[in-house]
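Asks: turn this into a structure:
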Amino acid sequence: MSRLLAQPRTAVTAQLNLKGRAALGKPALRCQGFTRPVRVRDVQRGTAVVKCVGTAASFASEASARLSADLSQTSPADRLKLLVSYGKKLAGLPEEEKTMANRVMGCTTQVWMTAKLDDNGNVEFAGDSDSDISRGMVALLTESLAGLKPEEIIEIPAEFLESFGLGGSVVTPSRANGMLNMFEAMKKSARLLTESGKGCSNLFPSLTITADSLTPQGAYAVAQAQYLEPDSAAVDRLVEVLTEKKIGIVAHFYMDPEVQGVLSAAAKRWPHIAISDSLVMADKAVNMAKAGCQSVAVLGVDFMTENVRAVMDGAGLADVGVYRMATDKIGCSLAEAAEGELYTNYLREAGANQGSNLHVIYINTSLRTKAAGNDLVPTITCTSSNVVNTVLQAAAQVPGVNIWYGPDTYMGGNLAELFQRVVQLGDEEIAKLHPEHNTQTIQSLLPRLRYFQDGTCIVHHLFGGEVCAAVRAGYSDAYQTAHFEVPGEMFQLAMEARERGMGTVGSTSNILDFIAARVQESLALDYKSNLRFVLGTESGMITSIVNKVQDMLRDAGDSNPGVSVEVVFPVSLDAISTEGTLGAAPGALGGLAVVPGPAAGEGCSTSGGCASCPYMKMNSLAALQTVCDLVSTPEGEAALKAFEPEKYSELDPAGRTVAERGVIPITHMRHFQQTGSLSPELVDDITSRNPL
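Replies: Purely as a prediction, here's the structure:
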């Protein structure tokens, strides 16, 4: 993960992705700080790619060039000794400045850094560490960036660190990542010292979690936190009806905090309650039915209920009732995009393409869409946690296969971006991802990977443009988490952090596992830590995060050195209200003090993106209680018909229902999950349906 520090190098390349309209002159968000003129090298699908080339010395100071020369002229062993000697000359910090606010996250030891402007407007960095090696890195960085303006520091790419030659023969990968994280912390400090960067620190609402307390900052965080300690009467009532009527509940992570709070408490008394991502909801429901549950309530959008029903039917559990939480349609903007004419035309193009073709369809679609897709081109379902492995396995198992991914445009673009990054890893690292792939096979796959261009989730649509720019300005040194569905800007930010050991991209379960792993690491240390995570997905995940983190901290007991977790909610800037300016234009940040909180509902923007899903809000606690009360009552049987998932009764020429056809791609995915390979039936369909 520390390839930036691998070898001394003088040529430095920095690449920046900008939306096409921004490259054509749209003003950048003020929080972004310094923006220099750029030359557009290439424009493809609305994205301008800008390439800037220079030397390491030109990006930093004369001191940087001198230190680089000194280090590069020594052997690896002497280079480490020289680094330690730099640290011994460092002035360090007084004890009162070694605070949690000045700590650099992502280092193997404690590192503190401060920054201020001198009388000439140059940045003065100071720092310290409790480790000789890290202290030497602090000295190296503070000396290298001394005397530079904030705007100059912001523009320095991380590649300039390569000139120091602190690769694997000198320091461990974790140490190298630590230096990258120190540098990112310094760049963030520089951004906040610019005139346009003022007000970008602590801009977003957040929730701080300890073993025994929750501290929300901002109205939006208060709204998320208020139901984490649920009403005991509501819990009692729900547990009573679930136990009496043997009802299981499967709910998605994105449920309203009020609902999740009650479900989490009820789960301690009734074992047949599960909160998870969409991948395992159906499996959980099957297990509940086999354990004796006579019906299952599904809290999610309609395609999730359809998926549960189809999988249970396939498991021989058709007699177990499956119910939605509303009589109206519980929609999904992404699923609806896949039911339009544009997606049908996209699949017709795939079906008409000569050779081997595979449609990889995101699970967040209806059975009708899955059935229609498989009618036109061989189709396998995927999730955000297995899409990468699905594509890699297909390319390995069916040489030359054309991949048609859909309908999520952002996930498709991120998938392509990810494979572009994979190509740079080298054969050894690529083989760790998939043993049958190397640089050549990934390169050959890229032109055969296509993705739909017109499908987005209204929640994840939020995490682009100005929101991502504000995250980069004020939170770039925090741990970054991003769902695979987020726009490319947020994906790139999380991937950059991932390369420093500070980020993850994947499913909701992947995000939760990443947070838990960082907490576990901090619990093993002997000093306090406040871990800050930017939550790049729907805010309903906070309940599961709080429960997981508090369980871990409480289980640690007296051995807990004082670990806390801060979760940052990057809501739309349209939803941020500034002190004394509630009537001001959205996003008018200026240099004003910021009171984080939603001025426009659930963290939603005027362009349609939200921090919480309005469709998921239809799964209310009152709706759940109503459905449960109707189960196993004389009047309930007729009333519950309206809560059942759509049955799709129409038949194809072979006499198969939509549900029977729609479950085929799901069955293919389940085979892949269980065996790690595509089923023989799917491979035969791919290679024989439209041969060359």
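
Asks: quick one: the spatially most central residue of the chain from residue 337, how far?
Replies: Taking C-alpha atoms, centre = their mean, the centroid of the chain lies closest to residue 482, which sits 1.3 Å from it. Noted for residue 482: a distance of 21 Å to residue 337, by C-beta to C-beta, to the nearest Å. Just so you know, the C-beta spots here come from the backbone N, C-alpha and C atoms, and that holds for glycine as well.

Asks: help me confirm that the residue nearest to the centre of the chain comes into contact with residue 505.
Replies: Yes: contact criterion C-beta atoms under 8 Å: residue 482 and residue 505 qualify, at 5.0 Å.

Asks: overlap in contacts, those two.
Replies: 491, 494 (C-beta atoms under 8 Å, 6 or more residues apart in numbering).

Asks: which parts of the stretch 401-550 of the chain are strands?
Replies: Secondary structure of the stretch 401-550 of the chain (DSSP state E, counting those that start in this stretch): strands at 402-406, 449-451, 479-483, 503-506, 529-536.

Asks: run through who's touching the shortest one.
Replies: Residues outside strand 449-451 that contact it (C-beta under 8 Å, 6+ apart) are 350, 391, 402-406, 409, 411-413, 415-416, 419.

Asks: at 10 Å instead, please
Replies: Residues from elsewhere that reach strand 449-451 (C-beta atoms under 10 Å, 6 or more residues apart in numbering): 346, 349-350, 353, 357, 360, 391, 395, 401-416, 419, 442.

Asks: helices along the stretch 51-200 of the chain, start to end?
Replies: Using DSSP state H, counting those that start in this stretch, the helices of the stretch 51-200 of the chain run over residues 56-59, 62-72, 76-88, 132-144, 150-154, 173-193.

Asks: next, format the ones you listed as CSV and append distance to residue 515 and mean neighbour count.
Replies: Formatted as CSV, those follow (distance: least, C-beta to C-beta, whole Å; neighbours: other C-beta atoms under 10 Å):
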stretch, distance to residue 515, mean neighbour count
helix 56-59, 34, 19
helix 62-72, 35, 17
helix 76-88, 32, 16
helix 132-144, 24, 24
helix 150-154, 29, 22
helix 173-193, 17, 23
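
Asks: can you lay out these as JSON lines showing mean pLDDT?
Replies: Supplementary listing: the helices of the stretch 51-200 of the chain in JSON lines, determined by pLDDT from 0 to 100:
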{"stretch": "helix 56-59", "mean pLDDT": "42"}
{"stretch": "helix 62-72", "mean pLDDT": "77"}
{"stretch": "helix 76-88", "mean pLDDT": "92"}
{"stretch": "helix 132-144", "mean pLDDT": "94"}
{"stretch": "helix 150-154", "mean pLDDT": "92"}
{"stretch": "helix 173-193", "mean pLDDT": "93"}
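
Asks: dump the ones you listed to a markdown table, plus distance to residue 103.
Replies: Shown next, in a markdown table, are those (distance: least, C-beta to C-beta, whole Å):
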| stretch | distance to residue 103 |
| --- | --- |
| helix 56-59 | 26 |
| helix 62-72 | 24 |
| helix 76-88 | 18 |
| helix 132-144 | 12 |
| helix 150-154 | 20 |
| helix 173-193 | 9 |
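
Asks: kindly state the pLDDT recorded for residue 210?
Replies: In this prediction, residue 210 carries a pLDDT score of 96.

Asks: contacting residues for it?
Replies: Per C-beta under 10 Å, 6+ apart, neighbours of residue 210: 530, 549-550, 553-554, 560, 562-565.

Asks: how far away is it from residue 107?
Replies: Following C-beta to C-beta, the distance that separates residue 210 from residue 107 is 22 Å.

Asks: next up, the contacts around the closest residue to residue 328 other than its chain neighbours.
Replies: Nearest residue to residue 328 in three dimensions, chain neighbours excluded: residue 618, at 7.3 Å (C-beta to C-beta, 6 or more residues apart in numbering). With contact set as C-beta under 10 Å, 6+ apart, residue 618 has these partners: 256, 299-302, 324-326, 328-331.

Asks: the residue found closest to residue 116 once you drop the neighbours it is linked to in the chain: how many residues sit nearby?
Replies: Using C-beta to C-beta, 6+ apart and skipping residues adjacent in sequence, the residue nearest residue 116 is residue 124, 5.3 Å away. When neighbours are counted by other C-beta atoms under 10 Å, residue 124 registers 13.
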